[in-house]
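Trainee: Build me a model:
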Amino acid sequence: MTLERSVTNSGQVCPVQSHLSEWQAFSFETGHFLLHIPSSHVLEVPSALAAQVRGEIDDPEVARELTALALALPRPVKKRVELDIRAISLNLAQGCNLRCTYCFAGEGDYGSKGMMSLDTAKAAISLLAQGKSSFHVVFFGGEPMLNWPVIEAVVNWCESEHLPVTFSMTTNGTLLTAEKLAWLKSKKFALNLSYDGPGIHAKQRLTKDKTSNTESMIERKIAAFSSQLDQLREFRLRSTITKATLPLIEESLVATLNSKNFKLFLSHHATNERGVEFEQQDVEFLGDVIRKIVDRYLATGEYSRLLNFENIAQVVKMIHRGKTGGMACGAGVSYLTVSAVGRFYLCHRFNEDESECVGDITNGLDLSKLEAVASFRSAGKDPCKSCWMREWCAGGCMHEHKSASGDKFAVDPRFCKLQSIEMVEAMRVYTTILARAPELLESM
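Mentor: Model prediction:
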């Protein structure tokens with residue numbers, strides 16, 4: 001999508017009616033902008049239009065101009081979110097060779113240690129991929145590479161059955177070898193590698209006996225396998241921070257973005273455990289760090305590093321494409337997780353939470369539970385239906401909501417706050433790059 005400058009026909013007579021709910025205003029050093037929420041169009045506008053949307057002025061002439069703009073833009077038909085499972089994660093190993101301090105899965109065992117069998121994996125894929133033109137399988141854990149023979153067998157079986165399946169894996173990286181990477185490349189894998197950043201990784205990702213950490217090992221592997229990792233279909237680092245490591249995050253993030261030319265996604269530890277849960281001030285602190293990161297790289301013109309920061313880059317892509325009907329997470333609508341014994345859950349974070357079990361490989365899916373999720377994702381209730389992020393978020397992370405209140409449909413305002421910070425910063429990045437280095441957007 002290209003940035004549009006507002007132009008109205010002065011001879012056009014438009015009724016003075018309220019279209020304010022369709023707009024969100026942004027003002028940056030590069031100018032004043034409006035997001036047309038229904039169509040996800042971004043327009044550069046005179047300051048008066050942004051002021052009108054923010055309620056700073058009440059000018060009938062400006063109101064007519066906003067109405068004209070709204071009527072001139074496309075209005076996509078709002079569709080109800082439909083259940084269409086196109087991806088699953090297979091919890092191949094409900095166990096792990098590490099003992100990460102923040103693990104949401106009972107130190108990697110999800111409550112029932114075990115390895116997924118080939119038959120269970122095949123049954124899940126057969127049930128859910130049947131009749132689909134495309135399907136995606138994520139190998140997950142615990143540490144999935146502890147069950148490497150089943151990974152190979154699943155991929156080979158999908159190929160022999162001519163199933164339209166693509167693959168990815170999330171790993172702590174400790175078991176990566178050159179030979180395994182060569183195989184992953186040959187099978188066109190995407191790979192997510194857990195790396196929390198210098199200083200933070202050492203504090204959080206401990207060995208099984210908890211006497212040492214894996215930071216130096218993982219950094220050596222990333223360096224040694226850099227060229228192979230770059231040749232995968234997609235590769236990203238995934239960093240998780242906790243309340244305890246939050247003070248280290250700015251320095252660690254910058255060091256990672258500066259030293260590793262890979263995509264990086266940052267997530268925070270979502271828990272309701274007293275003393276370690278993220279509170280409002282922690283969200284504000286993290287938001288300030290994200291703003292400082294954006295400030296730093298916009299000031300130096302290092303836009304490519306910002307576009308490696310996936311929390312920002314994913315939203316920039318949505319803005320540039322003018323995408324509507326997006327979801328921050330497809331759990332329970334387009335994506336499910338499968339436990340080692342073949343039970344379906346809304347997502348990997350809910351694995352072994354029996355209240356969120358939505359079926360199994362023997363009896364199929366519990367459609368009534370999944371339809372309730374699809375209804376929530378349709379953003380038909382407050383606070384979502386009146387939120388300016390509704391076309392990009394669709395309710396956010398149900399696990400974070402449930403961790404906060406016990407109800408996965410009760411939207412956690414802390415999630416909304418952080419989402420808003422990331423989206424506003426993405427808008428700032430987008431409008432700046434579009435003005436100064438638009439070719440970068442086309443290459444994303």
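Trainee: Show the pLDDT at Cys393.
Mentor: In this model, Cys393 is scored at 87, pLDDT.
Trainee: That one: how many residues sit nearby?
Mentor: Other residues lying near Cys393 total 24 when counted by other C-beta atoms under 10 Å. Where C-beta positions appear, they are placed from N, C-alpha and C, glycine not excepted.
Trainee: can you give me the helices for the stretch 1-150 of the chain?
Mentor: Taking DSSP state H, counting those that start in this stretch, the helices of the stretch 1-150 of the chain run over residues 47-54, 60-72, 118-129, 148-160.
Trainee: so what's the residue nearest the centre of the chain up against?
Mentor: Centrality entry for the chain: nearest residue to the mean C-alpha point is Ala328, 5.7 Å, by C-alpha atoms, centre = their mean. For Ala328, the contacting residues are Trp392, Cys393, Ala394, Gly395, Gly396, Cys397, Gln419, by C-beta atoms under 8 Å, 6 or more residues apart in numbering.
Trainee: Turn those into CSV, columns for secondary structure.
Mentor: Formatted as CSV, the contacts of Ala328 follow (DSSP: H, G, I helix; E, B strand; the rest coil):
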residue, secondary structure
Trp392, helix
Cys393, helix
Ala394, coil
Gly395, coil
Gly396, coil
Cys397, coil
Gln419, helix
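Trainee: a markdown table please, covering these and showing distance to Val333.
Mentor: Shown next, in a markdown table, are the contacts of Ala328 (distance: C-beta to C-beta, whole Å):
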| residue | distance to Val333 |
| --- | --- |
| Trp392 | 15 |
| Cys393 | 13 |
| Ala394 | 8 |
| Gly395 | 10 |
| Gly396 | 13 |
| Cys397 | 13 |
| Gln419 | 18 |
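Trainee: With respect to Arg296, which of these is nearest?
Mentor: Arg296 has its nearest neighbour among the contacts of Ala328 in Gln419, at 21.7 Å by C-beta to C-beta.
Trainee: got the residue ranges for the helices in the stretch 251-400 of the chain?
Mentor: Taking DSSP H, counting those that start in this stretch as the test, the helices found in the stretch 251-400 of the chain are 280-300, 303-306, 310-321, 367-377, 390-393, 398-405.
Trainee: and the second one, C-alpha only, in PDB?
Mentor: If I follow you right, that is helix 303-306. Backbone C-alpha positions of helix 303-306 (Å, rounded to 0.1, in the frame of the first residue of the first chain) are rendered in PDB as follows:
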ATOM      1  CA  TYR A 303      16.000   1.000   9.100                       C
ATOM      2  CA  SER A 304      16.900  -2.500   8.200                       C
ATOM      3  CA  ARG A 305      17.700  -3.300  11.800                       C
ATOM      4  CA  LEU A 306      14.300  -2.000  12.800                       C
END
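Trainee: how close does Phe139 get to His32?
Mentor: Phe139 sits 47 Å away from His32, going by C-beta to C-beta, to the nearest Å.
Trainee: among the contacts of Ala328, who's most crowded?
Mentor: Those, ranked by neighbours (other C-beta under 10 Å): first place Gly395, 27 neighbours.
Trainee: circling back: deepest-packed of the helices of the stretch 251-400 of the chain, please.
Mentor: Using mean count of other C-beta atoms under 10 Å, the stretch among the helices of the stretch 251-400 of the chain with the largest mean neighbour count is helix 390-393, at a mean of 23.
Trainee: Give me the contacts around it.
Mentor: By C-beta under 8 Å, 6+ apart, helix 390-393 touches 37-38, 40, 315, 318, 323-328, 379, 384, 387, 419, 423.
Trainee: So the closest residue to Val138 other than its chain neighbours versus Leu257, what's the distance?
Mentor: The shortest distance from Val138 to any non-neighbouring residue, by C-beta to C-beta, 6 or more residues apart in numbering, is to Ser89 (3.9 Å). Counting by C-beta to C-beta, the separation of Ser89 from Leu257 is 27 Å.
Trainee: again, but for Ser368
Mentor: With distances taken as C-beta to C-beta, Ser368 is found 45 Å from Leu257.
Trainee: if we can go back for a sec, which of the helices of the stretch 251-400 of the chain comes out lowest on mean pLDDT?
Mentor: For the helices of the stretch 251-400 of the chain, where the average pLDDT is lowest is helix 390-393, sitting at a mean of 86.
Trainee: Now find how far off-centre that helix is within its chain.
Mentor: How far helix 390-393 lies from its chain's middle: 12 Å, per C-alpha atoms, centre = their mean, to the nearest Å.
Trainee: Pretty sure Leu440 is one of the things Ser304 touches, is it not?
Mentor: Yes: between Ser304 and Leu440 a contact is recorded at 6.6 Å, counting by C-beta atoms under 8 Å.
Trainee: what ranges do the strands span in the stretch 151-300 of the chain?
Mentor: 165-171, 190-194, 234-241, 263-268 (DSSP state E, counting those that start in this stretch).
Trainee: Make JSON lines out of those strands and add mean neighbour count, distance to Arg414 and mean pLDDT.
Mentor: As requested, the strands of the stretch 151-300 of the chain are arranged in JSON lines below (neighbours: other C-beta atoms under 10 Å; distance: least, C-beta to C-beta, whole Å; pLDDT from 0 to 100):
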{"stretch": "strand 165-171", "mean neighbour count": "20", "distance to Arg414": "24", "mean pLDDT": "97"}
{"stretch": "strand 190-194", "mean neighbour count": "20", "distance to Arg414": "23", "mean pLDDT": "97"}
{"stretch": "strand 234-241", "mean neighbour count": "21", "distance to Arg414": "14", "mean pLDDT": "96"}
{"stretch": "strand 263-268", "mean neighbour count": "18", "distance to Arg414": "10", "mean pLDDT": "94"}
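Trainee: okay if I get these as a markdown table plus distance to Gly131?
Mentor: Supplementary listing: these in a markdown table, determined by distance: least, C-beta to C-beta, whole Å:
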| stretch | distance to Gly131 |
| --- | --- |
| strand 165-171 | 13 |
| strand 190-194 | 24 |
| strand 234-241 | 26 |
| strand 263-268 | 32 |
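Trainee: To Ala410, which of those strands lies closest?
Mentor: Here strand 263-268 is closest among those (C-beta to C-beta), at 19.0 Å.
Trainee: Check which helices and strands the closest one is in contact with.
Mentor: Counting contacts by 3 or more C-beta pairs under 8 Å, 6 or more residues apart in numbering; DSSP states H and E, strand 263-268 packs against strand 234-241, helix 249-259, helix 310-321.
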